[in-house]
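> quick one, fold the following:
(chains A and B)
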Protein chains: 2
Amino acid sequence: MRGLMQEWPLLCHKIMDHAALYHGDREVISRSIEGPMHRTNYRNIHERARQVAKRLEKDGITMGDRVATMAWNTWRHLEAWYGILGMGAVYHTLNPRLFPDQIAWIMNDATDKLLFVDLTFLPIIEAIADKVPSLAKVVVLTDAAHMPQTKLANAVAYEYWINEADADYAWREFDEGTAAGMCYTSGTTGDPKGVVYSHRSNVLHAMTGAQPDMLNLSSNDRMMPVVPLFHANGWSTAFVCPMVGASMIMPGAGMDGASIYQILTEERVTMTAAVPTVWLMLLEHLAKVGGSLPDLQRVVIGGAACPPAMIKTFQETYGVEVIHAWGMTEMSPLGTVCTLKPEYKNLTGQARLDLQAKQGHPPFTVEMKVTDDENNPLPWDAKSFGRLKVRGPAVSSAYYKGHGAEQFDAENWFDTGDVAHVDEHGYMQITDRAKDVIKSGGEWISTIELENLAVGHPEVAEAAVIGIAHPKWDERPLLVIVRRQGCDPSKESILDFIRDDIAKWWLPDDVAFVDDIPHTATGKIQKTTLRKQFSDYKFPGT
Amino acid sequence: MRGLMQEWPLLCHKIMDHAALYHGDREVISRSIEGPMHRTNYRNIHERARQVAKRLEKDGITMGDRVATMAWNTWRHLEAWYGILGMGAVYHTLNPRLFPDQIAWIMNDATDKLLFVDLTFLPIIEAIADKVPSLAKVVVLTDAAHMPQTKLANAVAYEYWINEADADYAWREFDEGTAAGMCYTSGTTGDPKGVVYSHRSNVLHAMTGAQPDMLNLSSNDRMMPVVPLFHANGWSTAFVCPMVGASMIMPGAGMDGASIYQILTEERVTMTAAVPTVWLMLLEHLAKVGGSLPDLQRVVIGGAACPPAMIKTFQETYGVEVIHAWGMTEMSPLGTVCTLKPEYKNLTGQARLDLQAKQGHPPFTVEMKVTDDENNPLPWDAKSFGRLKVRGPAVSSAYYKGHGAEQFDAENWFDTGDVAHVDEHGYMQITDRAKDVIKSGGEWISTIELENLAVGHPEVAEAAVIGIAHPKWDERPLLVIVRRQGCDPSKESILDFIRDDIAKWWLPDDVAFVDDIPHTATGKIQKTTLRKQFSDYKFPGT
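Predicted coordinates for the structure are as follows:
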């Protein structure tokens, strides 16, 4: 027996229809790439997004074509997204921090036909455009007055281009399983892999993200996504905010502490989201100028584990609640959020901070398990750690062109590549990447836990742990340390510092000092490179 | 191009899986029909719901079979719902307040095979069972010790019955468009019509309902649905609460002011929902005993327009925020909720109360328009009123067996039968039922607005306005009044009381006094009967 409810496909552009009708005056404020602040609202974005859609059709873009964007968070980027997906094409966000060759590889893999690009990134595209034969047109996100000289033959200023179409355009209607967007994972090994979001997955994910125990977003919020739209589907902010009618404050290219502080304050931002490095810069700036954050209520921190000291500073010094979150490009991206259930609501002091250092619990629509190498589920006891696997309507079922098929099993469980444990109330904590975890005598040692402890040493600037082959134990941990400027800690003082907080057999067999630790384009420690660097290393006495 | 995200059908029983895993200890507390309070949690409900599913299969129930419930809100009713839908059958809630013949008619229309019934309602079923040949078994929601003598041949006590199966049962998986539940509308005219919810519509609706600008439900809430599960899909509470992990406080049969006050207080309820008549009884009781509501934060009021005085008393006397809401059985049921957007957030005093008297704004997934009789959309100016039409994934596309097809148009717009206006920010206010509105000289007069004004008169207990044929104006309003006990207001004093608040031509042509006004089983004014009663009436001088 079938239900007798309406066929009403979950299409992303219906979100902007809703925003324009019910939250039409709500502000979308951007720091423009040209410099001045820019103010618009959902009614205008809705209007201009339909102009984009109509104009794209004039350029020969059709259903299913990939249209790339390489841009900061601004109103124009938002218009472009909705214009692209509203005519059935696929927005494809490019990460400008990748190496130019990688970007060209990705654009060719996706066969991008048209590109929206910010002034900032035009030089990158000028350098690689002739390696991307599918790219027929480059729309520079600026007006005619700011359009620079360019050697690109098919470049045009956005404001000129968009005005060659009016807004008399009806969104296309199609099946909700249709592709809406693409984002490539920036793996630390191998070629990037394309994740393809559907309209359904984006809409369901935004409906999940808005909920009180998730981002808790309402029409009374003034939300600033510092996390760029090109980072993991923009953490869904481009869909959640208009869905609930929250104002959007777009920081453009201003990622430094002073710029973030200025826009937070002047635009009375109530909620914001970014990776830890952005907040480090902000907190350093705040400490320097003696600033305060009277309007800001909540900050979502994800993309990398949030240092406990950062949680403490935000909450205790500035009165801003930290919401630690975890997700992946393949998960649309929210997986878990560390809001406090009643079991933990009354925690205070260090116990509360310890809990908030966990990545949190998943909402309805995200299934999660941790397993051993034989796919047996492990108990949720906050200590048994294993491979973290997830499932849900906004989780990838495959990568573009079938790459990376080994990460998906027959029951749809996606292997995140993370290693984690879960507690009795479903709070997950990442303890490692699966390829980094050290297998010593058949047991696993978490490198992240060792690193977190080591950076607590006052003379340590950065720490990384890698496994080194060992004749008896298979692998043993080596602790690699970058010293704080002007400091010269001994190996013993560092090992002594962490000794009491770990099982005896977790203690690294040696400490190595280096001048710096290699990082990926997105700021993660590049352990593959580090392991190569230490490929000839042997532990003393082996 | 297709998205590459997982097939993960939106099935209602996944909600209970999530609740059991991530909110397993969260309490579900009920006032049992037998008397004492009963405490359980989502882990146990999940367990017993699977017992119900397995036991139903033993009884020969299969995919698509209708299984009826006639029960108050208790843990057993909740278990039954999930057990029924988790094996692919269809829960069918029966409203015990309907006339027995209507109930039998509905059970036959749905061809119910099995019924779960509370002790309270067993006499109703005993009286009609032989008129429902499809009904093979009656499960009485009690234990063996409380099982009464009954003339029903196939009756069994729930606790005995459920223990004939264990919980070793895997939910069935099927397409999300599969029917999950049924609820008949209690129309004021004609036969009841069956609404058939799908798994998809119930899940999407719960995801919408949880959002901050809707019910704003989190795992820290202790939610008491006073609105019965048999009233308009239980206002979705059976899905929203476990989805977010809110505790459920179930009032059982205790609907009087004293019982509601006791459970609100003893169980520290933070949020509750019911029709205005329940709150009238509570407020009367509170005034009498001098009670207070320290834990209660929010009360959702719907099912009928909330009197402005009630909003004021809750907020100003008891510090409880009122959330006025509107919906329909055909809408799963939430349509609009009157939470305050930033444009209205700072309203105070009477202006705030006036705003809160509106039914509110729709969330994403509910589309709405008001039209004239020729289906032309009317402006959103807070005064142009017309037929209210809605659309969305949790809105009916048809009634069971195709009845009432005239309410659905080719573009899926469902004619609610209500007459309303909408303001510039999308706040809707119901002004009438379409069949009650008075058409005078080609213009519409709102009977509800006139009634609301008239009941403000200190000597008026209840008021109803109906249209009476008029030789010149087609129809003119007649104001029908029930006087407050011991009062004897004049016609002129009542008309004078409302005169200044309405357009001159809205003033009723006459006032008629009656001893009482007829009501439907669900407490609505039965204007059809009233119109019959006054069918021979003529205005003075016509």
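
> now for the closest residue to chain B within the stretch 251-400 of chain A: which residues touch it?
Minimum separation of the stretch 251-400 of chain A from chain B (C-beta to the nearest C-beta) falls at residue A:393, amounting to 3.9 Å. All C-beta spots, glycine's among them, are computed from the backbone N, C-alpha and C. The neighbourhood of residue A:393, defined by C-beta atoms under 8 Å, 6 or more residues apart in numbering or on different chains, consists of A:200, A:201, A:204, A:365, B:5, B:6, B:8, B:10.

> checking the second one next. Helix, strand or coil?
At residue A:201, secondary structure determined by DSSP: H, G, I helix; E, B strand; the rest coil is helix.

> list the buried ones in the helix or strand of chain A with the lowest mean pLDDT?
None of the helices or strands of chain A scores lower by mean pLDDT, DSSP states H and E than strand A:443-445, at a mean of 88. For strand A:443-445, a neighbour-count test (16 or more other C-beta atoms under 10 Å in any protein chain shown) marks A:444, A:445 as buried.

> follow-up on the earlier one: widest-spaced pair of the contacts of residue A:393?
B:5 and B:10 (13.2 Å; C-beta to C-beta).

> of the two, who's got more company?
Shown here are residue B:5 and residue B:10; by other C-beta atoms under 10 Å in any protein chain shown, residue B:5 has more neighbours (29 against 22).

> check contacts around the nearest residue to the more buried one once chain neighbours are set aside.
Computed as C-beta to C-beta, 6 or more residues apart in numbering or on different chains, the closest residue to residue B:5 that is not its neighbour in sequence is residue A:201, at 3.9 Å. Residue A:201 sits next to A:180, A:332, A:393, A:394, B:3, B:5 when contact means C-beta under 8 Å, 6+ apart.

> apply 7 Å and report the result again.
Residues in contact with residue A:201, defined by C-beta atoms under 7 Å, 6 or more residues apart in numbering or on different chains, are A:332, A:393, A:394, B:3, B:5.

> same question, residue A:523
residue A:277.

> and residue A:464, by the same measure?
Taking C-beta under 7 Å, 6+ apart as the contact definition, residue A:464 lies against A:451, A:480, A:517, A:525, A:527, A:530.

> chain neighbours aside, what residue packs nearest to the fifth one?
Spelled out, it's residue A:527. residue A:436 (5.3 Å).

> so what's the residue count around the one you found?
By other C-beta under 10 Å, the residues close to residue A:436 number 23.

> secondary structure element for it?
Under the criterion DSSP states H and E, no helix or strand holds residue A:436.

> surely it touches residue A:525?
No - between residue A:436 and residue A:525 there is no contact under C-beta atoms under 7 Å: 8.8 Å.

> state the mean pLDDT of the helix or strand encompassing residue A:286.
Assessed by DSSP H and E, residue A:286 sits inside helix A:276-289. In this model, helix A:276-289 carries a mean pLDDT of 93.

> counting by contacts, list what the next helix or strand along the chain from that helix packs against.
Next along the chain after helix A:276-289, taking DSSP H and E as the criterion, comes strand A:298-301. Here strand A:298-301 is seen to pack against strand A:271-274, helix A:276-289, strand A:321-327 when contacts are counted using 3 or more C-beta pairs under 7 Å, 6 or more residues apart in numbering or on different chains; DSSP states H and E.

> tell me the contacts of residue A:448?
Neighbouring residues of residue A:448 by C-beta under 7 Å, 6+ apart: A:305, A:430, A:431, A:432.

> thanks a lot, catch you later.
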